[in-house]
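**Student:** based on what follows, work out the 3D shape:
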Amino acid sequence: MDRCGRFDGEGALRLEAGEPPDDHEEECADCGDARRDHLRIASAMRQLPPVALPDGWADGVRARIAPAPASWSWRWAGMAGGLAVAAAVLLLARCTGSDARMASNDLPSIEQEVRASAPERRAGSAVVGDTLVVRASAPPGQTRELRVYVGSWGNGARLVARCPGSDGCVADGGRLELTTPLGAPGVYRSLFFLGAAAVPVTESLDGDARAAEAAGVTVEVSGMTEVD
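**Tutor:** Now for the predicted structure:
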């Protein structure tokens, strides 16, 4: 089954402009994944250490971003232009930022794994009744929170657990670990928020991700765990 690529041509432009997703993107699992991946990559780029560059370098990069040929359709021109501008913005943020960045070995991380309720069940599967363990870490000095969501393909994901805030949460220095039962079938995914501001709770993954973006909070996204 082919994945939907609409985010690459339209959604990325809305995201760069600070606009919310449209109705299709709200309902499309592929577009939702692409949006979160885009945010994750942008967040990772912002964590890279600054690089000293010669005077006039930024102006030279901007001058090389040529307008799209008139013969292109608006959709493909928008895609190419949006991606080029996004890449340039991210590179400029990396190379000209004056604030201190974390060293590469101190980048935030998040992972989730399943603890099976039946040891004899085949590896890699997950069913209702198993336990999800999510671990996240980051250098000290930042506000951090872990949230777990469950949804179904093509539908939004709802919040099911938080750390701090839910049973099964353990905080140890820069590390958070959240253990929560898999109480319903669906696709489980976690977000790790890092920043100076608290992220308002909207009870949905996409809503919380947008709230974090608006607050200037870094978001790390876990892989997906599908539960039968």
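**Student:** pull out the buried residues from stretch 31-41.
**Tutor:** By 16 or more other CB atoms under 10 Å, the buried positions in stretch 31-41 come out as 31-36, 38-40. In this view, the C-beta of every residue, glycine as well, is placed from N, C-alpha and C.
**Student:** redo those residues as a markdown table? Include secondary structure.
**Tutor:** Output for these, formatted as a markdown table (DSSP: H, G, I helix; E, B strand; the rest coil):
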| residue | secondary structure |
| --- | --- |
| 31 | helix |
| 32 | helix |
| 33 | helix |
| 34 | helix |
| 35 | helix |
| 36 | helix |
| 38 | helix |
| 39 | helix |
| 40 | helix |
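**Student:** adding distance to residue 144, write those out as TSV.
**Tutor:** TSV is the format used below for the buried residues of stretch 31-41 (distance: CB to CB, whole Å):
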residue	distance to residue 144
31	28
32	23
33	23
34	25
35	22
36	18
38	22
39	17
40	16
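**Student:** what is the nearest of those residues to residue 219?
**Tutor:** For the buried residues of stretch 31-41, the closest approach to residue 219 (CB to CB) belongs to residue 39, at 5.6 Å.
**Student:** now stretch 108-122, how far from the centre of its chain.
**Tutor:** Offset of stretch 108-122 from its chain centre (CA atoms, centre = their mean, to the nearest Å): 21 Å.
**Student:** tell me which residues of it come out buried.
**Tutor:** Neighbour counts over stretch 108-122 (16+ other CB under 10 Å) mark 108, 110, 112, 114, 116 as buried.
**Student:** I'd like those residues as TSV, with secondary structure and pLDDT appended.
**Tutor:** TSV is the format used below for these (DSSP: H, G, I helix; E, B strand; the rest coil; pLDDT from 0 to 100):
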residue	secondary structure	pLDDT
108	coil	84
110	strand	91
112	strand	91
114	strand	91
116	coil	88
